[in-house]
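Peer 1: Quick check, what structure comes out for this input:
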Amino acid sequence: MSEGSHRIQTTRLILFTTLWLTLFILSVKVSAAWATRSLSLMAESMQTLLVSFSTLLSLYKLIANEHPIRRSVYGHGKWETLILFLLIGFFGFTGLNVWGISIQQLFNQASGDLLTLPVRVSLPLIQLLGVVVITSLGLALVGLYQAKLLRSAAVQFNARQLLLDVCLTLIVLLGLVGVGAGLVWLDVVLAIVLVLVAVRNGWQVVNWQFPLLVEPTAIAPEILAQIAHQVGGITHCYHIRSRGIVGRYVYIQMHLIIHPEFAGVTSLLVERIKGMIEEEYGPVQVTFYIEDDFTIAANRHRSGFISDPNRDDSNNPEFGDW
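Peer 2: The predicted model follows:
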């Protein structure tokens, strides 16, 4: 297994593990918030929801780009963007509801009325949140460590979001301790602040993930072709596509024609091209479609004409995925 393949598989495993653990943590937080009527814990759960969604998008993009023959590098866009806007709608609806109830609770307390949703703080709740904090912190630290080893911007971004979630959960935990000590207003105030923090963090997640879901060209095709031609044995390079953000992560597809004399070292050639692109533009995932001069000549002889160099041969079984 090549270093690039090992890195992709490890990144996928980390993102998959993070996704399921954050979904479990989210379910625990929402259940605890519902049982204890804690608005601050419900508001903080929105940050956990953001972490889960961001991890899901990163994992989905990684898996989708491992099958470039069935899905073009330009295949992202409609469904992913629709899901993103659905999240924004759900996130906004939940945030406005929590914020509105919190304001109402604050006014009721200021006027001396009974609270409609009194918080039920107990020792098991504090212990449960303590376990959640420790688990999330360990997962975030592992993610940061693996992101450094794998040079994965997606893992690093999600780990930082999870670390922020740990800090906010710790603040809620301290707030609930204060509520148990008699500071009833603390839960409502924290809920109002945490909704605003969640909205700000939601914008950061959208701003980071959304550019990777749309289809602008990341690197000019002629520049990538020039890099490929610097490697000996490459006679032609065409149908070059790229998407993503330079310096963060770029997905590239490239069709190559290799001289027959270099057919035995094809893997070395493509690894060298990928390395040169990474050295210039940062983390990339490159899919190569390979054909040699002998195959091209045979095809032309059988067909009796010169094929169009701009045709799309992405489904041609003679091409290999590297």
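Peer 1: What separation do you get for the residue sitting nearest the centre point of the chain and residue 43?
Peer 2: In the chain, the residue lying closest to the centroid (Cα atoms, centre = their mean) is residue 58, at 2.3 Å. In this view, residue 58 and residue 43 are 24 Å apart by Cβ to Cβ, to the nearest Å. (Glycine included, C-beta is placed from N, CA and C.)
Peer 1: what does residue 17 give?
Peer 2: Applying Cβ to Cβ to residue 17 and residue 43 gives a distance of 26 Å.
Peer 1: Looking only at neighbour counts, state which of the two leads.
Peer 2: More crowded of residue 17 and residue 43, by other Cβ atoms under 10 Å: residue 43, with 28 against 14.
Peer 1: How about the helix or strand harbouring the more buried one, which residues are buried there?
Peer 2: Using DSSP states H and E, residue 43 maps to helix 39-64. Using 16 or more other Cβ atoms under 10 Å as the test for burial, helix 39-64 gives 39-62, 64.
Peer 1: ok, now stretch 29-40?
Peer 2: Across stretch 29-40, burial judged by 16+ other Cβ under 10 Å covers 29, 32-33, 36-40.
Peer 1: What degree of burial does the closest residue to the residue nearest to the centre of the chain other than its chain neighbours show, as a neighbour count?
Peer 2: Nearest residue to residue 58 in three dimensions, chain neighbours excluded: residue 154, at 4.0 Å (Cβ to Cβ, 6 or more residues apart in numbering). Residues near residue 154, counting by other Cβ under 10 Å, number 25.
Peer 1: so residue 154 touches residue 56, yeah?
Peer 2: No - judged on Cβ atoms under 8 Å, residue 154 makes no contact with residue 56 at a distance of 11.3 Å.
Peer 1: quick one: residue 195 from residue 267, how far?
Peer 2: From residue 195 to residue 267 the distance is 52 Å (Cβ to Cβ).
Peer 1: who has more neighbours, the two?
Peer 2: For residue 195 and residue 267, the more surrounded residue by other Cβ under 10 Å is residue 195, and the numbers stand at 24 against 13.
Peer 1: Residue 262 versus the more buried one, what's the distance?
Peer 2: Residue 195 is 60 Å from residue 262, by Cβ to Cβ.
Peer 1: now, among the buried residues of stretch 29-40, which is nearest to residue 88?
Peer 2: Comparing the buried residues of stretch 29-40 against residue 88 with Cβ to Cβ places residue 29 closest, at 20.7 Å.
Peer 1: Just the element for that closest one, please.
Peer 2: Using DSSP H and E, residue 29 falls in helix 3-36.
Peer 1: now for that helix, which elements pack on it?
Peer 2: Counting contacts by 3 or more Cβ pairs under 8 Å, 6 or more residues apart in numbering; DSSP states H and E, helix 3-36 is packed against helix 39-64, helix 123-150, helix 153-180.
Peer 1: and it, how far out from the chain's middle?
Peer 2: Chain-centre distance of helix 3-36: 12 Å, with Cα atoms, centre = their mean, to the nearest Å.
Peer 1: neighbouring contacts of stretch 160-170?
Peer 2: With contact meaning Cβ atoms under 8 Å, 6 or more residues apart in numbering, stretch 160-170 is reached by 18, 22, 29, 44, 47-48, 50-51, 54, 129, 132-133, 136-137, 139-141, 143-144, 194, 197, 201, 205.
Peer 1: related to what we said a few turns ago, any idea how far the helix holding residue 43 is from the chain center?
Peer 2: 9 Å.
Peer 1: by contact count, what packs against the next helix or strand after it?
Peer 2: Toward the C-terminal end, the helix or strand that comes next after helix 39-64 (DSSP H and E) is helix 78-110. Contact analysis of helix 78-110 by 3+ Cβ pairs under 8 Å, 6+ apart lists helix 39-64, helix 185-209 as its packing neighbours.
Peer 1: Save those as CSV, and put in mean pLDDT and distance to residue 280 too.
Peer 2: Listed next are the helices and strands packed on helix 78-110 as CSV, based on pLDDT from 0 to 100; distance: least, Cβ to Cβ, whole Å:
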stretch, mean pLDDT, distance to residue 280
helix 39-64, 86, 22
helix 185-209, 86, 23
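Peer 1: okay if I get those as JSON lines plus distance to residue 159?
Peer 2: Shown next, in JSON lines, are the helices and strands packed on helix 78-110 (distance: least, Cβ to Cβ, whole Å):
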{"stretch": "helix 39-64", "distance to residue 159": "9"}
{"stretch": "helix 185-209", "distance to residue 159": "13"}
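Peer 1: Can you tell me which of the ones you listed is nearest to residue 255?
Peer 2: helix 39-64 (19.8 Å).
Peer 1: For the closest one, name the packing helices and strands.
Peer 2: Applying 3+ Cβ pairs under 8 Å, 6+ apart, one finds that helix 39-64 contacts helix 3-36, helix 78-110, helix 153-180, helix 185-209.
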